[in-house]
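*Asks:* Pasting the sequence and the predicted model now:
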Amino acid sequence: MPIVAHNDLPALQRLREAGTTIVLPQERAAQQDIRELHIGLLNMMPDAALEATERQFFRLIGESNPIAQFYVHPFTLDAIPRGEKAAAHIASYYEPFEKIRAEGLDALIITGANVSGEDLSQEPFWGPLGEVIDWAWGNVTTTLLSCLATHAVLHFRYNQPRVRQPNKRWGVFSHRVMDKRHPLVGDVNTRFDVPHSRWNDVSRAQFEAAGLRVLVESEAVGVHLATSHDGLRMVFFQGHPEYDTISLLKEYKRDALLAAQGRLPAFPPFPDNYLHPHEQAILLEWRERLLNTAAGQPLPAFPEALVATNLDNTWHDTAEAVIGNWMGCMYQVTHRDRKKPFMDGVNPDDPFGIYS
């Protein structure tokens with residue numbers, strides 16, 4: 001499923017240069033009846049992660065099976081404050097929600113976001129996000145929700161607020177497929193890894209109380225993948241299968257620097273199941289040098305290159321498979337007119353006939 005580079009978004013060019021299948025409009029197969037499918041990306045991530053998040057999700061889409069050509073439409077919420085550089089990027093390459101709502105989508109991805117408190121309903125994006133979710137529920141075949149977006153929808157639509165945990169759940173964790181019937185996990189390993197990075201959790205009991213279907217779960221960190229009752233309209237991730245190999249390392253660097261500045265109460269622990277002992281020793285040495293840096297002196301360089309060399313990625317292949325399955329499910333049941341989400345004859349409460 002190659003992505004069509006229908007605009008000049010830098011993420012598309014960078015992915016094309018890195019080998020992801022990105023085609024130009026003039027390269028589309030003119031003589032074949034290849035479906036155009038349009039996917040929205042509501043990017044709520046903070047400025048520093050805005051473009052990296054684009055690349056992570058676009059890469060997963062672009063590496064899916066080539067049975068359609070995808071047009072990806074990034075947009076964000078005006079209620080999220082932005083710096084000058086990110087605002088310019090958004091103004092140049094993102095689309096207004098009003099245009100996306102008028103033209104319709106086949107599928108939608110909603111990313112996580114940084115928040116200032118525990119109660120999501122107090123965040124400035126709460127109202128606008130609810131507007132997007134309400135529109136998507138009635139007008140988009142399937143919406144994939146990442147981490148905080150999952151928590152927001154569980155709170156907003158199902159009255160199941162997330163619960164603060166005593167310790168941050170972060171690292172790479174083993175998961176097991178709990179419902180093998182669903183096509184989202186078809187031909188996927190029954191046990192696989194997923195990165196997590198969150199302080200809050202929605203439990204399996206909460207998912208089930210909301211009438212949702214749990215597909216993938218970890219004994220260590222709980223539910224990762226679940227769906228709405230119909231199996232497709234809403235797809236929930238609590239983990240981060242889109243993460244790059246170094247994403248957790250960059251998060252460690254960010255939190256360690258904040259701790260050194262006194263903006264966090266303590267240095268972060270190492271992410272679970274992610275760093276080998278040698279790389280942990282390198283980071284401990286860097287931390288000691290950081291703590292011993294005199295005021296006004298330059299901070300020691302973060303040893304990213306030394307550590308990244310020996311990091312393992314044990315989740316990307318499965319993430320690609322699940323996203324490919326999601327695309328296939330959407331392709332199977334969506335109407336050619338994307339303003340009519342379900343094909344004639346498909347039961348919207350059970351489009352795959354597995355729960356009837």
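*Replies:* That came through, no problem.

*Asks:* In this structure residue 154 contacts residue 201, no?
*Replies:* No. Using C-beta atoms under 8 Å as the test, residue 154 is too far from residue 201 to be in contact (10.5 Å). All C-beta atoms are positioned from the backbone trio N, CA, C, and that covers glycine.

*Asks:* what is in contact with those two at once?
*Replies:* With contacts defined as C-beta atoms under 8 Å, 6 or more residues apart in numbering, the residues adjacent to both residue 154 and residue 201 are residue 162.

*Asks:* Counting neighbours, go ahead and name the busier of the two.
*Replies:* Under the neighbour definition other C-beta atoms under 10 Å, residue 154 and residue 201 were set side by side, and residue 154 has more, 25 against 18.

*Asks:* Is the more buried one in a helix, a strand, or coil?
*Replies:* Using DSSP: H, G, I helix; E, B strand; the rest coil as the criterion, the local structure at residue 154 reads helix.

*Asks:* Contacts only, for it.
*Replies:* When the contact criterion is C-beta under 8 Å, 6+ apart, the partners of residue 154 are 160, 161, 162, 202, 206, 207, 210, 236.

*Asks:* can you pull the contacts of the fourth one?
*Replies:* Listed by C-beta under 8 Å, 6+ apart, the contact partners of residue 202 are 150, 151, 154, 160, 162, 163, 222, 223, 238.

*Asks:* and if we set it to 6 Å?
*Replies:* For residue 202, the contacting residues are 154, 162, taking C-beta atoms under 6 Å, 6 or more residues apart in numbering as the criterion.

*Asks:* for the fifth one, same thing?
*Replies:* Contacts were defined as C-beta under 6 Å, 6+ apart; by that measure residue 206 touches residue 160.

*Asks:* Please identify the helix or strand for it.
*Replies:* Assigned by DSSP states H and E, residue 206 falls within helix 204-209.

*Asks:* Same question for residue 281.
*Replies:* Taking DSSP H and E as the definition, residue 281 sits inside helix 277-291.

*Asks:* residues in contact with that helix?
*Replies:* Residues outside helix 277-291 that contact it (C-beta under 6 Å, 6+ apart) are 260, 270, 300, 303, 306, 307, 310.

*Asks:* Can you show me the CA trace of the helix or strand hosting the fifth one as PDB?
*Replies:* The secondary structure element spanning residue 306 is helix 304-308 (assigned by DSSP H and E). What follows is the C-alpha trace of helix 304-308 in PDB, where atoms were taken according to Å, rounded to 0.1, in the frame of the first residue of the first chain:
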ATOM      1  CA  GLU A 304      23.400   8.500  21.800                       C
ATOM      2  CA  ALA A 305      25.600   7.000  19.000                       C
ATOM      3  CA  LEU A 306      27.500   4.700  21.500                       C
ATOM      4  CA  VAL A 307      24.300   3.400  23.000                       C
ATOM      5  CA  ALA A 308      22.100   3.200  19.900                       C
END
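
*Asks:* Against which helices or strands is that helix packed?
*Replies:* Packed against helix 304-308, as judged by 3 or more C-beta pairs under 6 Å, 6 or more residues apart in numbering; DSSP states H and E, are the following elements: helix 277-291.

*Asks:* Centre of the chain to the helix it packs on, how far?
*Replies:* Per C-alpha atoms, centre = their mean, to the nearest Å, the displacement of helix 277-291 from the mean C-alpha position of its chain is 30 Å.

*Asks:* Run through the strands of the stretch 101-250 of the chain in chain order.
*Replies:* Shown for the stretch 101-250 of the chain, the strands assigned by DSSP state E, counting those that start in this stretch span residues 107-110, 142-146, 163-177, 191-201, 213-218, 222-227, 234-237.

*Asks:* out of those strands, nearest to residue 45?
*Replies:* The stretch from the strands of the stretch 101-250 of the chain with the least distance to residue 45 (C-beta to C-beta) is strand 142-146; that distance is 9.4 Å.

*Asks:* Show me what counts as buried in stretch 310-327.
*Replies:* Judged by neighbour count using 16 or more other C-beta atoms under 10 Å, the buried positions of stretch 310-327 are 311, 315-316, 318-327.

*Asks:* Output it as PDB - backbone C-alpha positions only.
*Replies:* Coordinates of each C-alpha in stretch 310-327 appear next as PDB, following Å, rounded to 0.1, in the frame of the first residue of the first chain:
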ATOM      1  CA  ASN A 310      23.500  -2.100  20.300                       C
ATOM      2  CA  LEU A 311      19.800  -1.400  20.800                       C
ATOM      3  CA  ASP A 312      17.500  -4.200  19.500                       C
ATOM      4  CA  ASN A 313      14.200  -3.600  17.800                       C
ATOM      5  CA  THR A 314      11.900  -6.600  18.700                       C
ATOM      6  CA  TRP A 315       8.600  -5.000  17.700                       C
ATOM      7  CA  HIS A 316       8.600  -3.400  14.300                       C
ATOM      8  CA  ASP A 317       7.800  -6.400  12.200                       C
ATOM      9  CA  THR A 318       4.700  -7.200  14.200                       C
ATOM     10  CA  ALA A 319       3.600  -3.600  14.300                       C
ATOM     11  CA  GLU A 320       3.900  -3.500  10.500                       C
ATOM     12  CA  ALA A 321       1.800  -6.700  10.300                       C
ATOM     13  CA  VAL A 322      -0.900  -5.400  12.600                       C
ATOM     14  CA  ILE A 323      -1.100  -2.100  10.700                       C
ATOM     15  CA  GLY A 324      -1.200  -4.000   7.400                       C
ATOM     16  CA  ASN A 325      -4.100  -6.100   8.800                       C
ATOM     17  CA  TRP A 326      -5.800  -2.900   9.800                       C
ATOM     18  CA  MET A 327      -5.500  -1.500   6.300                       C
END
